[in-house]
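K.L.:
Structure for the following, please:
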Amino acid sequence: MIQTRREHVAPDRDRLAVHTMTTKPLSLAEAAEAYSRRGIPGISVWVEALEGMTTASAKQIVDDAGLKVPALVRGGFFCASDSVERQKRVDHNRNLIETAAELDAEMLVLVVGAEPGVALETQRGWVRDGIESILPEAEAANVKLAIEPLHPMYAADKSCINRIAEARVICDPIDHCLVGVAVDVYHVWWDPDLSREIKLLGEAERLFGFHICDWRVPTRDLLTDRGLMGDGCIDIPGIRREVEAAGFDGWIEVEIFSDEHWAADQGDYLDKIIQRYETHS
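P.N.:
Numbering: from 1, shown residues only. Take a look at the predicted model:
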């Protein structure tokens with residue numbers, strides 16, 4: 001286990017949320033019950049967890065468990081060379097905003113997409129156009145739109161926005177209180193400008209979300225081998241101190257893609273998540 005930690009104070013559990021993708025084998029109902037039973041107050045809902053049910057049914061499940069929903073994950077994917085396809089994606093995001101509002105989710109997280117072979121700057125223009133197109137629906141529903149930069153290894157086909165600085169270039173000209181950034185440590189921990197960018201987000205009041213997990217060394221799979229907090233090289237407590245110094249006081253969301261942990265007993269896994277949250281975040 002790689003440890004690069006500083007002085008640490010155990011966080012309050014009342015800010016802990018877990019993404020349903022973190023416990024992928026569990027249905028929404030199973031996840032909600034398991035989180036609630038362990039005193040986890042927040043559940044960020046992935047759209048995959050809603051398959052086969054109405055939003056009203058999903059909302060009832062969450063409410064019955066006494067949980068809050070920091071985010072609906074994921075919207076975005078605005079990038080496509082064909083203008084008709086781009087419009088379809090914009091319309092899909094409008095529907096997702098409605099779903100987020102029905103779930104009482106604070107925000108819709110946007111993974112913006114990418115199309116191989118197209119200049120990144122061109123694609124970032126599509127992203128800005130897409131966000132501006134759905135902003136009226138976000139305003140009407142009072143749902144925040146949180147751009148999530150993804151690690152550069154995903155620049156070719158998943159996200160043309162890979163640093164916080166690139167997300168800010170989208171946010172700044174739009175200049176709207178509902179458009180901001182979700183900071184996922186897995187994607188941005190390596191950025192030499194991270195401290196400065198977090199501070200700038202805070203000054204502009206655009207720091208909407210904070211996602212945690214760890215970067216394993218060595219990483220066995222670039223998508224599905226994220227580690228529990230403390231199992232890798234990211235200074236999660238240090239980054240958390242920086243986002244909180246920038247004014248962030250929202251949910252600390254655990255988002256882990258892991259074939260290893262998905263194959264484990266999910267109850268034991270959740271117990272480990274809580275323990276690592278309390279000791280390594």
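
K.L.:
where does the stretch 1-150 of the chain have low pLDDT?
P.N.:
1-11 (pLDDT under 70).

K.L.:
same thing but 90
P.N.:
Scanning the stretch 1-150 of the chain for pLDDT under 90 picks out 1-12.

K.L.:
For it, which segments count as helices?
P.N.:
28-37, 55-64, 83-102, 120-141 (DSSP state H, counting those that start in this stretch).

K.L.:
How far does the second one sit from its chain's centre?
P.N.:
The one in question is helix 55-64. 21 Å (CA atoms, centre = their mean, to the nearest Å).

K.L.:
Show me what that helix is packed against.
P.N.:
Here helix 55-64 touches helix 28-37, strand 42-46, helix 83-102, going by 3 or more CB pairs under 8 Å, 6 or more residues apart in numbering; DSSP states H and E. Quick note: C-beta positions are derived from backbone N, CA and C, even for glycine.

K.L.:
packing partners for the first one?
P.N.:
For helix 28-37, the elements it packs on are strand 42-46, helix 55-64, helix 266-280, judged by 3+ CB pairs under 8 Å, 6+ apart.

K.L.:
Buried residues in the last one, which are they?
P.N.:
Neighbour-count burial for helix 266-280, with 16 or more other CB atoms under 10 Å as criterion, is recorded at 266, 269, 270, 272, 273, 274, 276, 277, 280.

K.L.:
ok, now stretch 114-130?
P.N.:
Residues of stretch 114-130 classed as buried: 114, 115, 120, 123, 124, 126, 127, 128, 130 (neighbour count, 16+ other CB under 10 Å).

K.L.:
Out of the helices and strands packed on helix 55-64, flag the one nearest residue 181.
P.N.:
strand 42-46 (15.7 Å; CB to CB).

K.L.:
and for the closest one, what are the contacting residues?
P.N.:
15-21, 28, 31-32, 35, 58, 62, 65, 67-74, 103, 105, 109, 251, 253, 255 (CB atoms under 8 Å, 6 or more residues apart in numbering).

K.L.:
beta partners for the nearest residue to residue 79 once chain neighbours are set aside?
P.N.:
Of all residues beyond its chain neighbours, the one nearest residue 79 is residue 113 (4.0 Å), with distances taken as CB to CB, 6 or more residues apart in numbering. Residue 113 has these beta-bridge partners by DSSP bridges: residue 159.

K.L.:
What about residue 113, how many residues nearby?
P.N.:
Residue 113 has 24 neighbours, counted by other CB atoms under 10 Å.

K.L.:
Quick check, it in contact with residue 160.
P.N.:
Yes: using CB atoms under 8 Å, residue 113 is in contact with residue 160, at 7.2 Å.

K.L.:
which residues do those two both contact?
P.N.:
Going by CB under 8 Å, 6+ apart, residues that sit against residue 113 and also against residue 160 are 79, 123, 127.

K.L.:
and the residues you listed as TSV, adding distance to residue 238?
P.N.:
Compiled in TSV, the shared contacts of residue 113 and residue 160 are given as follows (distance: CB to CB, whole Å):
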residue	distance to residue 238
79	33
123	32
127	30
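
K.L.:
rewinding a little: which among the helices and strands packed on helix 55-64 is found nearest to residue 247?
P.N.:
strand 42-46 (19.4 Å).
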